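Undergrad: Predicted model and sequence follow; I will ask about them next.
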Amino acid sequence: MSKLAQWLRPHESRFFALLEAQARQAQRGVHLLGEIVEMKPGEAELRRYAERMRALEQEGDAIRRNVIEELIRSFMTPMDREDIYDLSRSLDDILDYAHTTVQEFLVYAIPFEPAIHEMAEALKEGVDALAEAVAGLVKPGPSVHAAIVRAKKMENRMEELYRESNAELFMSQDVHHIFRMREVYRHLSNAADRLDRAADMVGSILIKGLG
């Protein structure tokens, strides 16, 4: 290996570490969301949870900035720059939607109904699989593909829950209830969409690596 290549390699490996850090941060955010739904806190406790979520979201933004700065100053990357950027953006979006969902719990005084619990659980399972897939990018194997499949399966489950929850919601005569619950359902569904997109990006990166 040339001296130039030896100098470049350590910088390449940093991208894997940063993307895994982003995936783990999204995982922490979604798990905190699940904890909130499980605990059904009152307003004062919910405000404390919201502060914890905001701190996670800000830490996630800092990791995202590191990814972009590393892209700008790196001469070589271990995968396409666009793929790194898009995967990083999707991971950041998952955490952002977890954050905005908790904000809506607080602002709209959302009741923690069973539909929200089911969606939060599906999202947790999906983000666990996604974090495993992203962590496996540094040394791809069959387990990475299996994790991608699990993540996408959970996104499909989320879509089913979203449709069923909306159908049941529209049976209500309370328009205010419909609008505030629909916002929460939409943000949870959006988080799952970004999860699906991130899983597709990991799959695309693996295929390009095999080319």
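TA: Noted; the coordinates are in hand.
Undergrad: ok, now which ones touch Cys133?
TA: Heads up, residue 133 is Ala, not Cys. Residues in contact with Ala133, defined by CB atoms under 8 Å, 6 or more residues apart in numbering, are 144, 147-148, 151, 199, 202. For every residue, glycine as well, the C-beta is placed using N, CA and C.
Undergrad: Quick one, which of the residues you listed has the minimum pLDDT?
TA: The member of the contacts of Ala133 with the lowest pLDDT is Val144, at 93.
Undergrad: so what's that one closest to, chain neighbours aside?
TA: Once its chain neighbours are removed from consideration, Val144 has its nearest residue in Gly136; the separation is 3.6 Å (CB to CB, 6 or more residues apart in numbering).
Undergrad: And for Ser189?
TA: If the residues on either side of it in the chain are set aside, Ser189 comes closest to Tyr162, at 4.4 Å by CB to CB, 6+ apart.
Undergrad: Quick check: that neighbour touching Val184?
TA: No. With the criterion set as CB atoms under 8 Å, Tyr162 and Val184 do not qualify as a contacting pair; they are 10.8 Å apart.
Undergrad: what bits of the protein have low per-residue confidence?
TA: 1-12, 210-211 (pLDDT under 70).
Undergrad: Now the residue positioned nearest the centre of it: which helix or strand?
TA: The residue lying closest to the centre of the chain (CA atoms, centre = their mean) is Ile94, at 3.1 Å. Secondary structure assignment for Ile94, by DSSP states H and E: helix 81-107.
Undergrad: Check Phe112 too.
TA: Phe112 is part of no helix or strand when elements are defined by DSSP H and E.
Undergrad: State the distance from the nearest residue to it once chain neighbours are set aside to Ala199.
TA: Counting by CB to CB, 6+ apart, Lys40 is the residue found nearest to Phe112 once chain neighbours are left out, at 4.5 Å. Shown here: Lys40 relative to Ala199, a distance of 30 Å by CB to CB, to the nearest Å.
Undergrad: same thing with Asn66?
TA: With distances defined as CB to CB, the gap from Asn66 to Ala199 amounts to 22 Å.
Undergrad: more crowded one of the two?
TA: Neighbours around Asn66 and Ala199, counted as other CB atoms under 10 Å, are more numerous at Ala199. The numbers are 26 against 16.
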